[in-house]
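no letters, just coordinates:
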């Protein structure tokens, strides 16, 4: 497998700086995407989650590639995430074992709690008495049991990260949050640097396909109108300069900041294109120019967390 840049986590685990995202990928699409990504493009990381409902398909694809001798297990870094109904520490360890069964793995490389707001077992009602400190104790138990090489959080606020880091026995190894041109997350970046936490960006391209998302409960989300980061004039200017696509410029912008990216695609040509971002670099001035774009907009407000004491975005809701 080709070598790609990595980010060293606090416990020494090496996190590849780029991987394949699999959100909203149907069974047949995700199987083909994983095969193309690993066998043809040699992606070093696959990112999935309980709520994507494709762990089993990904597990089958990985098992076949390993059994056929095309890759070794250690060639591919696997990240998955526990959904809200499995954040209660009374259920998180057993839920992780179920994830591993679906993925056909003894352990994952990185396990994240997908949201900070726990829900009861059916996933419908909030479990308001479960704090992020409680959630993290469950994650630490999973780590201590050897089911994950590293653990982290997703969609947590800066305040929640700081609260947990004050009491954690095992530090947060990685934060996976929305981070893209119009939501650059500089405050999050500074806090994570302070604690030695790595960051993974999701929605690095502005997530144009987000409008098709359906929650595991069947709920469709309403999305505010937003400009397309792929159409930004500064991005297009840099794409022309470097003979790259706007998507490649947006990915490179995040990578230049030392942040991992997991662009999702099921189209073979785009899977290859998204990985082809290591033969050019943006200058420090160009990164600052992109940092200075005036528009700011969080796309993923996760309205299903509204009303929970651990809603990370309650101050942003109107």
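Right, received. Where do you want to start? What you see is a predicted model; the values in this text were computed from it and never measured.

where exactly do the strands run in the chain?
Per DSSP state E, the chain carries strands over the ranges 6-8, 14-16, 20-21, 45-47, 77-82, 110-113, 151-154, 174-178, 198-202, 260-261.

next, format the ones you listed as TSV and append distance to residue 313, mean pLDDT and mean neighbour count.
Backbone N, C-alpha and C define where each C-beta goes, glycine included. Converted to TSV, the strands of the chain look like this (distance: least, C-beta to C-beta, whole Å; pLDDT from 0 to 100; neighbours: other C-beta atoms under 10 Å):
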stretch	distance to residue 313	mean pLDDT	mean neighbour count
strand 6-8	26	98	15
strand 14-16	26	98	21
strand 20-21	21	96	27
strand 45-47	22	98	26
strand 77-82	18	98	26
strand 110-113	16	98	26
strand 151-154	13	98	25
strand 174-178	10	98	24
strand 198-202	15	98	25
strand 260-261	22	98	27
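
distance to residue 274 added to these, as TSV?
What follows is the strands of the chain, written out as TSV (distance: least, C-beta to C-beta, whole Å):
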stretch	distance to residue 274
strand 6-8	17
strand 14-16	13
strand 20-21	8
strand 45-47	12
strand 77-82	16
strand 110-113	20
strand 151-154	20
strand 174-178	17
strand 198-202	13
strand 260-261	8
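
nearest to residue 55, out of the ones you listed?
Closest to residue 55 of the strands of the chain is strand 77-82 (C-beta to C-beta; 6.3 Å).

nearest to residue 227, out of the strands of the chain?
Short answer: strand 174-178, nearest of those by C-beta to C-beta, at 15.4 Å.

partners of that closest one in the sheet?
When pairs are called by DSSP bridges, strand 174-178 turns out to pair with strand 151-154 (parallel), strand 198-202 (parallel).

and residue 40, which of those is closest to it?
Per C-beta to C-beta, nearest to residue 40 of the strands paired with strand 174-178: strand 198-202, 23.2 Å.

got the angle for the closest one vs strand 77-82?
Inter-element angle recorded for strand 198-202 and strand 77-82: 80 degrees (by axes from the mean of the first three to the mean of the last three C-alpha atoms, to 10 degrees).

tell me, how many residues neighbour residue 222?
7 (other C-beta atoms under 10 Å).

and the closest residue to it other than its chain neighbours, how many neighbours?
Of all residues not flanking residue 222 in the chain, residue 303 sits nearest, at 7.6 Å (C-beta to C-beta, 6 or more residues apart in numbering). Around residue 303 there are 14 other residues, counting by other C-beta under 10 Å.

ok, now which ones touch residue 303?
By C-beta atoms under 8 Å, 6 or more residues apart in numbering, the contact set of residue 303 is 221, 222, 317.

can you get me the centre-to-centre distance for stretch 199-216 and its chain?
Here the centre of stretch 199-216 is set off from its chain's centre by 10 Å, with C-alpha atoms, centre = their mean, to the nearest Å.

sort out which residues of that stretch are buried, please.
By neighbour count on 16 or more other C-beta atoms under 10 Å, the buried set for stretch 199-216 is 199, 200, 201, 202, 203, 204, 205, 206, 207, 210.

what's across from the fourth one in the sheet?
Listed by DSSP bridges, the beta-bridge partners for residue 202 are residue 178.

isn't it up against residue 178?
Yes. Using C-beta atoms under 8 Å, residue 202 is in contact with residue 178, at 5.9 Å.

return the distance of the lowest-mean-pLDDT helix or strand in the chain from the chain's centre.
One helix or strand of the chain scores below all others by mean pLDDT, DSSP states H and E: helix 27-35, with a mean of 93. Distance, stretch centre to chain centre, for helix 27-35: 18 Å (C-alpha atoms, centre = their mean).

list the contacts of it.
So helix 27-35 is contacted by 20, 22, 25, 46, 54, 57-58, 60-62, 65, 265-266, 268, 271 (C-beta under 8 Å, 6+ apart).

and those residues, which is closest to residue 228?
Closest to residue 228, out of all of the contacts of helix 27-35 and judged by C-beta to C-beta, is residue 265, at 16.2 Å.

and the pLDDT for the closest one?
Residue 265 is assigned a pLDDT of 92 by the prediction.

give the contact list for it.
20, 21, 33, 271, 274.
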